[in-house]
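[1] got a structure for you, letters missing:
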């Protein structure tokens, strides 16, 4: 558990951890400064994953609170654990880099009415799937100008857009209602 500390992983190599690297304080940070691979589990309960170089998470990642991932411009964080279910938690994606989820249909999944995904950066997120109708003030909120590979709406949803975003593969809407909030494009 990192507590209120920062763990910086530099160089190029593999960090093999059998126990979860746990970020549990708002000021805790996991900083990947080199071309690294984290092979064990990561638990984001609070704090920030700060990605300064192209890196890979090959173990499972879980959310246990409100946390953020900040990927530097021109860099990529590849997550090989498949879907990342947000549950009742919040996740903010910052920066101008890419969050790549390995697996053909792997997505950031808003699977609970309390799920909150805020895209405040200008980077790219491969796929977002909304499978639970969001409660007021929750759901997908876009305050940056990100690019999504794909956006899937499986239930009635509201979308808060303050700026502009684009979707490369299109938006899947089949038999559901989409409500757009705010003044974005």
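    Done, it's in. Quantities reported herein were computed from a predicted structural model and do not represent experimental measurements.

[2] Does residue 158 touch residue 139 like I think?
    Yes. Under the criterion of C-beta atoms under 8 Å, residue 158 makes contact with residue 139 at 5.8 Å. Every C-beta, even on glycine, is put in place using the N, C-alpha and C of the backbone.

[3] More neighbours: which of the two?
    Taking residue 158 and residue 139 together and counting by other C-beta atoms under 10 Å, residue 139 has the greater number of neighbours (23 against 19).

[4] Quick one, grab the pLDDT at the more buried one.
    Residue 139 is assigned 93 on the pLDDT scale.

[5] could we number from 47 for the rest of this?
    With the count now opening at 47, the last piece we talked about shows up as residue 185.

[6] partner residues bridging it?
    On DSSP bridges, the residues paired with residue 185 through beta bridges are residue 162.

[7] Do me a favour and average the pLDDT over stretch 113-123.
    97.

[8] Quick one: low-confidence residue ranges for the chain.
    230-231 (pLDDT under 70).

[9] Give me the residue at the spatial middle of it.
    If you average the C-alpha coordinates of the chain and look for the closest C-alpha using C-alpha atoms, centre = their mean, you land on residue 139, 5.2 Å from that point.

[10] Would you agree that residue is in contact with residue 194?
    No. With contacts counted by C-beta under 8 Å, residue 139 stays clear of residue 194, the gap being 10.5 Å.

[11] Mutual contacts of these two, please.
    When C-beta atoms under 8 Å, 6 or more residues apart in numbering defines a contact, the residues bordering residue 139 and residue 194 alike are residue 171.
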